[in-house]
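*Asks:* Got a predicted structure plus its sequence, pasted below:
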Amino acid sequence: MYKIAFILVAASFFWVHPQVHAQLTQTNIEPDAAFKQAKLLYQQEQYSLAYPLFKTMFSNGIHNSNMPVQVRIEARFYYIVCGLQLNEPNAAELAKDFIELEPDVAHEQIIAYYLGEYYYRQKDYRNALEFYGKSNIANLNNRQIAEMKFHQGYAFFVLQQFDKAMPLFNSIRQLPRDPNYYDANYYYGFLLFGEKRYSEAISCFLIAEKEPAYQELVPFYLAELYYFNGDRDKALAYGETALQKKTQYYDAELKQLIGHIWFEKRKFDKALPYLEQFAAGKEQLRREDLYELSYCYYEAKNWKKSIDGFKQIGGAADSLAQNSMYLLADAYLKMNDLQNARNAFQFCTANNSNPSQKQVSSFHYAKLSYDLGFYGIAADSLRSFIAAYPASVYRSEANELLVSTLAHTSNYKDGLALYEQLPNRSENALRIYPALLYGRVVELINDHQTNAAEQLLDQLLTVPYNTTVLPMVNFWKGELAYRAGKTDLAISYLQAYLKNPSRNGEVNSTNARYNLAYCYLKKENYRQARDQFELVSKSFGNASDDVVKDAYLRRADCHFMAREYKQALNMYDQVILSGWPSADYAIYQKAIIAGAQNKQNEKLQLLASIERQYPKSSLLAGSQMEIANTYLAEEAFEKAVAPLHRIIDNDAAAALHPQAYLKLGIAQFNLDKNDAALDQFKFLVSKFPNSSETDAAVDYIRNIFIEKQQPSEYIGFMQANGKNITATEADSLTYRAAMLRYDAKDNAGAQTGFTEYLLKFPEGRYQLEASYALAEINLVQKNPVGALPFYMKVASLHPNKYAERSALQAARILYFDQKNYADAARHFSLLKTIALQQENRLEAMRGLLRCQFKQQEWKEAAPNAAELLEQKGIAADDRLMAGFSIARNEQLSNRPEQAMKQYQSLLTMGKSEITAEAQFRVAELLLQMNKLDDAEQAAFAVIKKFGSYDFWVTRSYILIGDVYFKQNDLFNAEATYKSVADNASIPELQKEAADKLAAVVVLKNKNNKVD
């Protein structure tokens, strides 16, 4: 309620009590003329004229004059009262001194009254009440008594001491002729209103209403009193009449009351204009007032305005918030805005005030999630709904929707879990199950979790209703068997697929025949391999993609291996003329055929052309070695020197360096350049002591030293390089004993023997062979951890004939078994350097990239990825990971356009965690570019297409919240952040969402119209 105070200053006059008058006249002292004149003016209440005269007396020293003491006291009394009445600044202090020092009690009490009045006029109500309390009504006239009572009542009222104010106002309100009669009724009515004594308050306000000063104030209170007293019709009639008569001080509040009454009467069309006018004049509204206005808009089918209002009422945990969200959801549905309706139902579901609304909202939230394609959330919500409301009228529909989510979900992982939890599996659910299993299989394969994928594929072979997916199961069984090196098993499954093929992404006849052809190639069944490759590349003109091109080239290789050189040469020529990336390989193969046909000059010309035409070819070192071998075979030793030097000078050809040094030494030896040959052999032994070429070099070194009659120098050189030319018999016997057991496949006995050998001869002649054998034995025994140190030792002694496989196996164990990506990366890097087999070099590049991916070393990964993409015959998952690494490096290097283009190129490469992140990164970049609508759609694509990848789905929800926040759509931002904060299973993302939710709520409360 508003407290309206009117200060009514009544005229006061001094009345001298008979006892005081007697005291004054007893002195028989006749005052002088000035005193008499001033006193007369005082008695006439002409204080402004009396005050200067009294002041002059005191200035002239009346207090030291011969006037009687009582006259001087009386003059001082008049002087102080005049000063108080005129609000003189020093009068209050003079009055206090008078009260404290003068012995005249009657004058003190009268001064206290006037001092109380003085403080009252100054609005210093505490001091006013203090000095009113020191006065005495025995020394005051009736008017002063009544005035003081009213003023005391008002002071208590202002100080909110209502219990003390009420009897004072009550005493004055009963005096119709009192100047404060209307005021007293007004304030007394106000206090009665506070005590809910509505009938009595009404009678007081009806009196106060007659006073013009209250005619703009009282109508609002009277209307409220009628309303609270239960007479709504009278309140309505009185209030509307008052608004028509004149402007009201509480105009907005009166309109709000009338609007509220019409609202209660469910006359929403009549309530609306009053509530609109009330709200228009307010910066903020109570939640209840905003609800009534919004509901009137809702009833008027003004959906937009009702939505604007209801949105601002949510966030609390009471029934008003829940009902607002319920109606908000319905208003959004009326506008066919399903997304916002879903968010409103979400808020309603989180509120426990109205169980019925909570139940209905829970169902509709789940149903809208399904309709909008949020199948994972729909499934969770429907499952929770069925558990919470087993007797709901929506139970049957919820069950049907739950099964339907399984048919549509992209979250196969959770879909399978949900299927397992179904209490009763209908025929429809059984029909859906194979699709769920297959969807999860593809995800696991794309995420390189092949063991888990194999288990589900085995299930798919036996479950009912698997007819549709069975061909695809056979395809993937064959693919995984091929990857695992199980060639015969791969052939069996791929042949089964080709008997009843179907197409689904990577699953198609082309890829099946391509894999089958490679299986036959590995088994050296070239004719069958050629037939399958031919079906993949039926004609040269159709060679458009990498698979078809590679198949065409492998057909040529099959002709080559079958010594069908004419057909092979024709096909290699087609490759060269077409300028394919593998043209350098075709030239190399033609050179080998020329050599086989004893056309050495043609062979040499073709090999030399590779460097001229393809200076960056990966075959350069190999072609140089083949040129050198050709010259060595023809004993053209001088011509062999140049290509061997080119190999040695090529750092990328490090794997061939031991061979090159050995053959260069042999060429020099045969040219009778023994010193030069010796230098090459000695460098080989010292630089590559464990290579197989070193043993051959030792024979040449020994022969040269002996020919030069320098046996002691030979012995010194060998000893300096760790080559004991007088190996003990014990060393040899111990090793050979273990080797006999190894050859007999007695792994346990061999393991004991090799271990004993290394303990006795840690630097023995056969330490390399023994270490490698122990590694292989442990691997056969399925003890990769035991094999690792031996593989690592052999790899560290590179180059040697076991180093390539040892580096590969060590890297695999470190990566797959120990998840030690840093050490795995070092071994993959080593393998990439020393690998002679292209297959192993390719695996080294793949493995290194995966290690860099796991460690998020994007800067280091980018060049490796670019190099991998240049390789022939790489798999789709290699292209995916390489492309992603390049994109991530571009993004972190602040090149968003390049990153965006690269990410988008990955999105068609199947469903995997990498493509899920790529889709998220697209959304992230769009948000950074302030393309908010596009960012929202890109984030929704993660949620709908990659449901199994919870981390990226959750991050996408948070990003959508960020989009809404940037759009200043605080309602949807709050709903989105709240959903993550309440439901996320990843703690760091849950906290991020909670922090952002708190920031949104603060901003919402700052900006909205709700008080």
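*Replies:* Perfect, I can see it now.

*Asks:* just so I have it, where are all the strands in the stretch 851-1000 of the chain?
*Replies:* In the stretch 851-1000 of the chain, no strands are defined using DSSP state E, counting those that start in this stretch.

*Asks:* Show me the helices in the stretch 301-450 of the chain, by range?
*Replies:* Using DSSP state H, counting those that start in this stretch, the helices of the stretch 301-450 of the chain run over 303-310, 319-334, 338-349, 355-371, 375-388, 395-408, 412-421, 427-446, 450-460.

*Asks:* And the fourth one, what's buried?
*Replies:* Same thing as helix 355-371. 357-370 (16 or more other Cβ atoms under 10 Å). No exception for glycine: its C-beta is placed from N, CA and C like everyone else's.

*Asks:* Give me the distance between stretch 738-755 and the centre of its chain.
*Replies:* Centroid displacement of stretch 738-755 relative to its chain, using Cα atoms, centre = their mean, to the nearest Å, is 57 Å.

*Asks:* now do stretch 359-377
*Replies:* Using Cα atoms, centre = their mean, the offset of stretch 359-377 from its chain centre is 22 Å.

*Asks:* Just the C-alpha atoms of that stretch, please, in CSV.
*Replies:* The C-alpha trace of stretch 359-377 is given here as CSV (Å, rounded to 0.1, in the frame of the first residue of the first chain):
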residue,chain,number,x,y,z
GLN,A,359,3.0,-36.0,-16.8
VAL,A,360,1.5,-34.5,-20.0
SER,A,361,4.6,-32.3,-20.6
SER,A,362,6.9,-35.3,-20.1
PHE,A,363,5.1,-37.2,-22.8
HIS,A,364,4.9,-34.3,-25.2
TYR,A,365,8.6,-33.4,-24.7
ALA,A,366,9.5,-37.0,-25.6
LYS,A,367,7.1,-37.0,-28.6
LEU,A,368,8.4,-33.7,-30.0
SER,A,369,12.0,-34.9,-29.5
TYR,A,370,11.0,-37.9,-31.7
ASP,A,371,9.2,-35.7,-34.3
LEU,A,372,12.2,-33.4,-34.5
GLY,A,373,14.6,-36.2,-35.0
PHE,A,374,16.3,-36.2,-31.5
TYR,A,375,15.9,-39.9,-31.3
GLY,A,376,18.4,-40.5,-28.6
ILE,A,377,16.7,-38.0,-26.2
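
*Asks:* Please work out the average pLDDT along the host helix or strand of residue 773.
*Replies:* Remark: residue 773 resides in helix 767-780, with elements defined by DSSP states H and E. Helix 767-780 comes out with an average pLDDT of 94.

*Asks:* now do stretch 396-410
*Replies:* For stretch 396-410, mean pLDDT is 85.

*Asks:* same question, stretch 696-712
*Replies:* Mean pLDDT, stretch 696-712: 72.

*Asks:* Ok, stretch 563-574 next?
*Replies:* Across stretch 563-574, pLDDT averages out at 93.

*Asks:* List the buried residues of it.
*Replies:* Neighbour-count burial for stretch 563-574 [16+ other Cβ under 10 Å]: 565, 568-569, 571-572, 574.

*Asks:* and what of stretch 227-246?
*Replies:* 227, 229, 232, 234-236, 238-240, 242-243.

*Asks:* Now, the residues you listed that are in helices?
*Replies:* 227, 232, 234-236, 238-240, 242-243 (DSSP state H).

*Asks:* nearest to residue 705, of these?
*Replies:* residue 227 (122.8 Å; Cβ to Cβ).

*Asks:* that older thread, right, so the helices of the stretch 301-450 of the chain: which one is the most enclosed?
*Replies:* helix 338-349 (a mean of 24; mean count of other Cβ atoms under 10 Å).

*Asks:* hmm, back to that, how about the ones in helices among the buried residues of stretch 227-246, which pair is most distant?
*Replies:* Among those, 232 and 243 lie farthest apart (Cβ to Cβ), at 16.4 Å.

*Asks:* Give me the phi and psi for residue 820.
*Replies:* phi -90, psi 80 (degrees, to the nearest 10).
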